[in-house]
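Give me a 3D structure for the following:
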Amino acid sequence: MSRLRVTPMRGQGRDRLYVTLRDGTTVAWYDKDTGRVSVLSGAGREEVLSALAPYLTGEVAVGPPRVPTPADLDRLSLHPDDDLAPNRPGEGLHAELNALGDALGDVLGDAGSGRLSGSSGSSGSAGSGRLPGASSFLPRRRWERQDPRQAELLAQETVGDRLDRLEDAGWRVLHSIPLPGAARIDHLAIGPAGVLAVRTLPARKRRVAVADPMVRVGRAAPAPHLRWARRAAERASRALAAEVRPVLAVVEPVRLDALPAPRDVRILRDTEIAALASLGGVLKPADIESLYATARDRHSWLRV
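Below is the predicted model:
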């Protein structure tokens with residue numbers, strides 16, 4: 001039985017057959033309109049062509065994914081609402097926390113002014129002079145410290161800042177890319193070493209243990225962070241028609257146990273991100289700019 005599967009997909013004006021491994025990882029696709037088979041790493045050329053043989057008609061070109069041409073880029077005149085380049089690290093979390101903070105402020109304001117239900121004209125207990133339930137509200141600053149999304153946002157800002165510093169080495173970076181289904185790619189880095197989908201893992205002063213696909217942070221229950229990182233890279237690969245490697249960036253762990261290392265997911269401490277500047281040999285500057293122009297367009301991500 002072949003380890004490869006062929007799945008049709010239509011969208012964004014494309015009619016393609018995707019070739020995937022059993023775990024869902026894309027290793028190639030056949031574009032029916034152009035008659036081209038694009039092959040990524042993970043499967044051999046002959047193996048891919050064998051899987052696609054029942055679907056191929058006429059002569060086909062076979063090779064690595066085609067990089068968008070200047071003509072492709074000319075079609076990308078982005079409206080500001082469609083440009084993802086201005087997104088801050090953790091853009092989605094900023095919005096969530098700001099909305100919750102405003103809602104909490106309204107509730108606390110109502111409590112302080114006596115507008116809560118049941119507080120008008122009487123006190124919560126005879127002679128106490130206290131509003132009903134007021135003692136149950138957390139002060140806003142304490143709530144902000146305790147919400148775990150605050151730590152996640154800080155971690156994304158840390159990783160985002162370190163990735164942004166790679167621009168001097170020829171990298172282009174996007175943050176908080178929205179995907180269908182309310183998911184997001186924390187960071188997308190496009191540079192001489194290829195395209196990286198970076199997932200952020202906050203772990204300040206905690207031990208991190210990796211047992212593929214599960215990752216345990218401190219005493220928390222293990223979670224499939226490596227599976228999620230792979231899934232993000234897979235969706236990015238489909239959006240960009242290019243090979244995208246998953247990266248897990250672990251922020252400020254006191255200890256990181258990741259042996260044996262996963263074959264396909266690169267695990268980095270946040271302090272190791274700067275080392276990416278010394279890597280290269282995959283993409284040329286023109287390729288980097290072309291992929292970045294495609295990636296920053298919100299419409300590129302609508303059907304992945």
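
Now do the contacts for the closest residue to A236 other than its chain neighbours.
Leaving aside its chain neighbours, A236 sits nearest to V244 (4.2 Å; criterion: C-beta to C-beta, 6 or more residues apart in numbering). For every residue, glycine as well, the C-beta is placed using N, CA and C. The contact partners of V244, taken as C-beta atoms under 8 Å, 6 or more residues apart in numbering, are 188, 194-197, 233-234, 236-237.

for the chain, what spans make up the strands?
4-11, 14-21, 26-31, 36-39, 61-63, 172-178, 184-191, 194-202, 207-211, 214-217, 244-251, 255-257, 266-269 (DSSP state E).

and of the ones you listed, who's closest to W228?
Across those, the minimum distance to W228, taken as C-beta to C-beta, is reached by strand 194-202, at 6.3 Å.

ok, back up a step: and the contacts of V244, which two are the farthest apart?
Every pair of the contacts of V244 checked by C-beta to C-beta; the farthest is G194 and E234, at 14.9 Å.

want to throw the strands of the chain into TSV with mean pLDDT and distance to Y55?
TSV is the format used below for the strands of the chain (pLDDT from 0 to 100; distance: least, C-beta to C-beta, whole Å):
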stretch	mean pLDDT	distance to Y55
strand 4-11	80	7
strand 14-21	83	6
strand 26-31	87	7
strand 36-39	90	10
strand 61-63	87	14
strand 172-178	96	31
strand 184-191	97	30
strand 194-202	97	27
strand 207-211	96	38
strand 214-217	96	37
strand 244-251	97	24
strand 255-257	96	44
strand 266-269	96	33
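
Need those in TSV (columns: distance to P148).
TSV is the format used below for these (distance: least, C-beta to C-beta, whole Å):
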stretch	distance to P148
strand 4-11	35
strand 14-21	34
strand 26-31	32
strand 36-39	40
strand 61-63	45
strand 172-178	17
strand 184-191	15
strand 194-202	8
strand 207-211	16
strand 214-217	11
strand 244-251	13
strand 255-257	20
strand 266-269	21
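
Relative to L97, which of the ones you listed is closest?
Nearest to L97 among those is strand 172-178; the distance by C-beta to C-beta comes to 13.1 Å.
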